[in-house]
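# Could you look at this predicted model? Sequence included:
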Amino acid sequence: MANEYGIEHAPGPWECTGEAWWFTCYPMGGNKNNVAGAANPLDFHPGVNDNFYGGIGMIMVVRYTSTPVGPYDELLYIPGYYDTPHASSSRYRITNIYVSSKETTYNGRRNWNIPKHLAVFNFDKSETTGHTKITVAHPETPDNPFFVAIVKDIPIISSIGVPLSTSLFPMNLEFHQPNIKAVDTPQGKANGETGTKTWQSFRPWMGGKARFVKCVDMKNGNGDGTWPDKVDGVWGAVMRWDAGMKLKFPAATELPKSNL
């Protein structure tokens, strides 16, 4: 039965298949200054994202071909580690995310406190240059993207795909997500932008064959009017996860309420 948003609930765990691009931010030592606009102020309660610790950040683009709510595209921002009231050390946090499906908007917000919003995606590979151009735009302005990334293969290097799993990564990939606010507008309800009441934690897993490609250009302006026109600190080498990549989201663990 559909809920008040007109969308079926698909609780975790989720097992998904697709392909992805990882744009690593500040790979050498990490950034101590958060990127302006990396978190949408409509989603979070005041002050909750103030305690930014830094560390290696990431911008990810994912094309899911199979999920419990069907195929969809995704752009997400993980600036780095944040202090959390539920652990003695900081944890990663997804602070902003755009998707092409209202079904995943609602379920991502409800299941894991992931602040998803609807967007329009386009992937265009040039047969002439070999460049892949990825654009993301707000539904109201589909011809005016706020995110543009151009990637291309690196001779010889990009031909080498290596089996990889996040289980091998040395960092703590447990996410602590604060409760989020509902976007209480007719459009917000239509898009499935629900709110939550408690913090959630989860540790996703990702595995598949990965290779390096090159980021030729990236612009990340006008997401909410505050991002700079060009992203600083993004490493030019992009980790490209081939089609068939697996991503698992376990059911979240509810954390105690916090004053943050």
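Everything's here; your move.

# in the sheet, who's paired with the nearest residue to residue 243 once chain neighbours are set aside?
The spatially closest residue to residue 243, leaving aside those adjacent along the chain, is residue 19, at 4.4 Å (Cβ to Cβ, 6 or more residues apart in numbering). In this view, the C-beta of every residue, glycine as well, is placed from N, C-alpha and C. Per DSSP bridges, the residues bridged to residue 19 are residue 63.

# Pull out the buried residues from the longest strand along the chain.
Ranked by residue count and defined by DSSP state E, the top strand of the chain is strand 205-219. Going by neighbour count (16 or more other Cβ atoms under 10 Å), the buried part of strand 205-219 is 206, 207, 208, 210, 211, 212, 213, 214, 215, 218, 219.

# try stretch 81-100
In stretch 81-100, counting by 16+ other Cβ under 10 Å, buried: 81-84, 90-100.

# so which two of the residues you listed are the farthest from each other?
Greatest spatial distance among the buried residues of stretch 81-100 (Cβ to Cβ): 83 and 100, at 32.3 Å.

# returning to that earlier point: which residues does the residue nearest to residue 243 contact?
62, 63, 65, 240, 241, 242, 243, 244, 245 (Cβ atoms under 8 Å, 6 or more residues apart in numbering).

# from what I can see the fourth one touches residue 209, true?
The one in question is residue 240. No: the criterion here is Cβ atoms under 8 Å, and residue 240 misses it with residue 209 at 9.5 Å.

# so which of the contacts of residue 19 is the most crowded?
For the contacts of residue 19, neighbours were counted by other Cβ atoms under 10 Å; the highest total belongs to residue 241, with 24 neighbours.

# Need the pLDDT of residue 60.
Predicted confidence (pLDDT) at residue 60: the value is 94.

# give the contact list for residue 115.
Neighbours of residue 115 in contact, by Cβ under 8 Å, 6+ apart: 39, 40, 43, 44, 94, 95, 96, 97, 109, 180.

# Among those, which are located in helices?
Counting by DSSP state H, the part of the contacts of residue 115 found in helices is residue 109.

# which of the contacts of residue 115 lies closest to residue 130?
Closest to residue 130, out of all of the contacts of residue 115 and judged by Cβ to Cβ, is residue 97, at 28.6 Å.

# Could you list everything that closest one pairs with in the sheet?
residue 76, residue 116.

# Distance check, the residue nearest to residue 243 against residue 239.
According to Cβ to Cβ, to the nearest Å, residue 19 stands 11 Å off from residue 239.

# follow-up on the earlier one: farthest pair in the contacts of residue 19?
65 and 240 (15.6 Å).

# ok, back up a step: just give me the closest of the buried residues of strand 205-219 to residue 55.
residue 206 (18.2 Å).

# For beta bridges, what are the partners of the closest one?
With DSSP bridges as the rule, residue 206 is bridged to residue 247.

# so it touches residue 246, yeah?
Yes: using Cβ under 8 Å, residue 206 is in contact with residue 246, at 7.1 Å.

# what stretches of the protein score poorly on pLDDT?
The chain contains residues with pLDDT under 70 at 1-2, 27-37, 221-233, 258-260.

# how about residue 135, what does it touch?
So residue 135 contacts 121, 122, 124, 145, 147, 148 (Cβ under 8 Å, 6+ apart).

# and if you look at residue 215?
23, 149, 150, 151, 234, 235, 236, 237, 238.

# again, only this time at 7 Å
23, 149, 151, 234, 236, 238 (Cβ atoms under 7 Å, 6 or more residues apart in numbering).

# among those, which are in strands?
23, 149, 151, 238.

# Distance from the strand or helix carrying residue 163 to the middle of the chain?
Per DSSP states H and E, residue 163 falls inside strand 162-165. Relative to the centre of its chain, strand 162-165 is centred 20 Å away, using Cα atoms, centre = their mean, to the nearest Å.

# before we move on, what about stretch 167-185?
Worked out by Cα atoms, centre = their mean, stretch 167-185 lies 10 Å from the chain centre.

# which parts of that stretch are buried?
173, 175, 176, 177, 178, 179, 180, 181, 182, 183.
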